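**Student:** here is my input; please provide its structure:
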Amino acid sequence: MSKELNDKDKKIYIDKHLTSIYPQLKLNMIKVCGAGEVLWADDLLSTAVEFFLNKELDVQYDSCINNKAENFITYMANFQLKSGTSKFFHTHRKFSTKTRDYFTDGFIYDRGSKEFEDDDRTLCIKEAIKDLDPFERMIVDERIIKKMKFNDIAERYDIPYSSLSLNYRKIKNKIKEKCQHLQQYL
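**Tutor:** Next up is the predicted model:
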């Protein structure tokens with residue numbers, strides 16, 4: 001006669017089972033991620049395991065009993081990695097893709113040309129940048145002068161990517177407003 005396990009015992013069994021298959025799951029994530037393994041493998045594994053643990057307890061328990069938990073987690077990881085609308089894409093992959101530049105190269109700080117340095121547009125933009133608060137100046141300095149990507153800035157200062165890009169757009173609009181009389185050049 002089989003004894004029915006209570007929820008606490010099921011959770012303990014599920015935890016032990018996940019611990020036993022964890023090394024294989026790590027290998028599966030390396031295979032699923034391919035060249036992006038360094039960037040995404042650990043985060044992808046945690047996202048896939050989170051999806052598994054969000055299922056009902058009985059479904060988790062049955063998957064572990066039937067040795068299907070590894071397959072499910074690997075399948076979810078594969079789906080999360082390849083889908084452009086998945087949770088993983090929106091929390092990890094989206095920020096490692098290229099973003100559109102708002103200013104062209106050398107737009108503000110091209111020191112090679114004397115006539116560019118002296119024109120009204122450049123002077124107005126430089127003056128507008130001087131009037132920005134320190135956080136906004138830091139964004140302009142890192143993004144335009146040092147030519148850093150939003151991902152690198154976000155990682156360096158521990159600022160969310162979306163916050164940086166939103167503030168960058170606001171800064172750009174501030175500069176445009178301040179130099180509106182030269183709008184034809186911006």
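**Student:** now Asn28: how far from Ala77?
**Tutor:** In this view, Asn28 and Ala77 are 7 Å apart by Cβ to Cβ, to the nearest Å. Any C-beta I mention is one placed from the backbone N, CA and C, and that applies to glycine too.
**Student:** so between the two, which is more surrounded?
**Tutor:** The neighbour comparison of Asn28 against Ala77 (other Cβ atoms under 10 Å) goes to Ala77, with 26 against 22.
**Student:** list the contacts of the closest residue to the more buried one other than its chain neighbours.
**Tutor:** Leaving aside its chain neighbours, Ala77 sits nearest to Ala48 (3.9 Å; criterion: Cβ to Cβ, 6 or more residues apart in numbering). By Cβ atoms under 8 Å, 6 or more residues apart in numbering, Ala48 lies in contact with 29, 73-74, 76-77, 80.
**Student:** so which of the residues you listed sit within helices?
**Tutor:** Judged by DSSP state H, the contacts of Ala48 include 29, 73-74, 76-77, 80 as members of helices.
**Student:** okay, these in a markdown table with pLDDT next?
**Tutor:** As requested, these are exported to a markdown table (pLDDT from 0 to 100):
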| residue | pLDDT |
| --- | --- |
| Met29 | 92 |
| Ile73 | 95 |
| Thr74 | 95 |
| Met76 | 93 |
| Ala77 | 92 |
| Gln80 | 89 |
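**Student:** and those residues, which of them are buried?
**Tutor:** 29, 73-74, 76-77, 80 (16 or more other Cβ atoms under 10 Å).
**Student:** nearest to Asp120 among those residues?
**Tutor:** Nearest to Asp120 out of those is Gln80 (Cβ to Cβ; 51.1 Å).
**Student:** any idea how far the closest one is from Leu44?
**Tutor:** Gln80 is 6 Å from Leu44, where distance means Cβ to Cβ.
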